[in-house]
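1. What follows is a predicted protein model with its sequence.
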Amino acid sequence: MHTLWPSLRHSRQNRAGSPELVTLYDARADVPVSTYVSMFSAAKQEISVVVYAAVFLHEAYPRLNDLLRERAADGVTVRIAVGDPDSENIAARGREERFGHGIETRCRLAAMHYQPLVGVPGIEVRAHSTTLYNSIYRADDQMLVNAHAWGVNAYAAPVWHLKRAGTAGIFDTYATSFAAIWKSAVPVREED
């Protein structure tokens, strides 16, 4: 039998046993908040987050800003990129998820949560207007990737827990994605 996409089929078979995959969660809502907290607490070099809003972190763990300040004080580089609520991509996402202006409102709420971190040494907060295919939560060589699906709210979409196991793997694919979004994002200014 002729295989239409032989390299793709082979790739899927190889990836099924990826040494970088720690856990696959059916939905972001299934990931314990303690997983995020543990990852961020253990970071020695880098915490990088790109989301549209992810206000669930502040709601479930009100000490998040304190934790990020503590990590930055210990020399960890902290980079947070939240969605620009005025972006057309965010408005489109709201329509696609049948969430209306809710996602724009959540982006504004996320910006309010992270505003106290603007200007803190070692922490940088930016706003991005990209089409966000995945939310990324990275702490050194561990990463949670919330894989967004069209028309599905982020809390119901799957999450991959990855751990770097070399270079040029799945982990680095998402690290490169984060770097590109970060480069295009605009620094958030301190409020007067």
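-> The structure has been received and is ready for your questions.
2. After the lowest-mean-pLDDT helix or strand in the chain, which helix or strand is next?
-> The weakest-scoring helix or strand in the chain, judged by mean pLDDT, DSSP states H and E, is helix 6-15 (a mean of 39). Of the helices and strands lying after helix 6-15 in sequence (DSSP states H and E), the nearest is strand 21-25.
3. For Glu191, give me its contacts.
-> Gln115, Val118 (C-beta atoms under 8 Å, 6 or more residues apart in numbering). Where C-beta positions appear, they are placed from N, C-alpha and C, glycine not excepted.
4. if I look at it, how far off is Val118?
-> Separation of Glu191 from Val118 (C-beta to C-beta, to the nearest Å) stands at 8 Å.
5. Also Thr176?
-> 26 Å.
6. And the helices in the chain, which stretches?
-> With DSSP state H as the criterion, the chain has helices at 6-15, 33-42, 56-60, 64-73, 88-96, 102-114, 170-184.
7. Can you lay out those helices as JSON lines showing mean neighbour count and distance to Ala157?
-> Listed next are the helices of the chain as JSON lines, based on neighbours: other C-beta atoms under 10 Å; distance: least, C-beta to C-beta, whole Å:
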{"stretch": "helix 6-15", "mean neighbour count": "10", "distance to Ala157": "19"}
{"stretch": "helix 33-42", "mean neighbour count": "16", "distance to Ala157": "16"}
{"stretch": "helix 56-60", "mean neighbour count": "16", "distance to Ala157": "13"}
{"stretch": "helix 64-73", "mean neighbour count": "17", "distance to Ala157": "21"}
{"stretch": "helix 88-96", "mean neighbour count": "16", "distance to Ala157": "12"}
{"stretch": "helix 102-114", "mean neighbour count": "19", "distance to Ala157": "14"}
{"stretch": "helix 170-184", "mean neighbour count": "16", "distance to Ala157": "15"}
